[in-house]
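[1] the following comprises the amino acid sequence and a computationally predicted model.
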Amino acid sequence: MQPTKTRNHAGVLLSYKKENILFDCGEGIQRQMRIAGVKPAKTTKLCISHWHGDHVFGIPGLLSSMGADQSDQTLHIYGPKGSKVYLSHMFKSFAAKDIIPYQVHEVSQGTIFENEDYLLEAHPLKHSVACVGFKFVEKERRRIEVSKAKKLGLEGPVLGELQAGKDVVVSGKKIKVKDVTYTVEGKSVSYVTDTTKCNGVNRLAKNVDVLILEGTLLDDLKENAAKSKHLTVKQAALIASENNAGKLIVTHISQRYKNNHEILEEAQKYFQNSIVAEDFMKIKL
C-alpha cells in the first residue's frame, strides 16, 4: 500500500512481440519504466485490477507522458465496473493536457481481448471494492521441422504458408502441414492481486506457467489479512500448488517486512518453485 525505499507501488509489465501490457499503474510507475529501460509511450494496453490508490495513482502521469511523446495509438484500458467514471474523475482533478487518446473497457469475466497470437482473460476477485485478475494466454504456435523441410527441398514462401497451417503444392506434389510441422504450446501468465480466496483466483492460477500473486502478510497475521481482504504468503503458495502453477511470484508485500527472507521461506515451504518479486526483476519465458 505504501512505497518504501526498495519497493514501489504495483506495476507489472508484460512484453510480447510488439505488445507492452501494463498490469496496474501505481504512483511513480512511469519513472520505474524509464529506469528499467522501457519507454512509457510504448505501452499498448493497461489492465487495472481495482481502483484503490496504490494501483492507479500513476495513471494520469503515464497518459500525460504518452500524449506528450505523441504516441500514435489509442491506449486500451481494461478494468472492473466503474472504471470509466473513476478515470473521468481523475482527469477533472487537474488541468489535463496532451492526454493520449484512450478507450476504457469495463470487464468482469471471460475473454476480454483476442487476436491471432494471444488472448487476455479477466476473472472477478473478492476484495473490498470491485476487483479483477488477468490472464495472458499465448496461442499454440506451429513450427517447421527443418530436417524434413530440407529433405523435401522446401524453402521460401511455402514455409510461411505451412507454418500458417496451409497445405501446399510443390512441383506437382501436395505437402501436408502435418508432414513437416509440429506445434508448441503457448505460454501463460496470470496477474492476481488484492483478493481473498475465491473461484476467480483458482481459475486464473489453473495450470498457468507463471502466477504473479499477492502474499501481503505472513500466515501468523492471517486474521489481519482476512479483515483487509488480502491473501497470506502461505495461502498464495497453496493456491499455486493446488492449481498446478509452474512458478509463483509473490508480490504486493506489506511494508512491515524489511527483507524477503521470511516471505520466501514461507512460500517455498508450501510451493517450492516460488520467488519473491523485487523492483526491476525480469522474468523471461
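    Thanks, I have it.
[2] name the SS class of the nearest residue to residue 270 once chain neighbours are set aside, please.
    Spatially, and ignoring its direct neighbours in sequence, residue 270 is nearest to residue 237 (3.7 Å; CB to CB, 6 or more residues apart in numbering). Glycine gets a C-beta too; all of them are placed from N, C-alpha and C. Put simply, residue 237 is helix when judged by DSSP: H, G, I helix; E, B strand; the rest coil.
[3] so how many other residues sit close to residue 237?
    Other residues near residue 237 come to 26 when the count uses other CB atoms under 10 Å.
[4] which helix or strand contains the residue positioned nearest the centre of the chain?
    In the chain, the C-alpha nearest the mean C-alpha coordinate belongs to residue 191, at 4.9 Å (CA atoms, centre = their mean). Element membership for residue 191 (DSSP states H and E) is strand 188-192.
[5] direction included, what does that strand pair against?
    Strand 188-192 has the following strand partners under DSSP bridges: strand 132-138 (antiparallel), strand 210-214 (parallel).
[6] show me where the stretch 51-200 of the chain has its helices.
    Taking DSSP state H, counting those that start in this stretch as the criterion, the stretch 51-200 of the chain carries its helices at 53-56, 59-68, 83-92, 146-151, 157-163, 177-180, 199-205.
[7] out of those, the one nearest residue 128 is which?
    Of all those, helix 53-56 sits nearest to residue 128, with 12.6 Å by CB to CB.
[8] neighbouring contacts of that closest one?
    Helix 53-56 has contacts (CB atoms under 8 Å, 6 or more residues apart in numbering) with 1-2, 9-10, 24-27, 48-49, 86, 90, 193-194.
[9] report the contact partners of the nearest residue to residue 246 once chain neighbours are set aside.
    Nearest residue to residue 246, sequence neighbours excluded (CB to CB, 6+ apart): residue 209, at 4.3 Å. Taking CB under 8 Å, 6+ apart, we find residue 209 in contact with 187-189, 245-247, 285.
[10] residue 134 against residue 47, yeah?
    Yes - assessed by CB atoms under 8 Å, residue 134 is found in contact with residue 47 at 4.9 Å.
[11] where do the contact lists of these two overlap?
    23, 78, 120, 122, 191.
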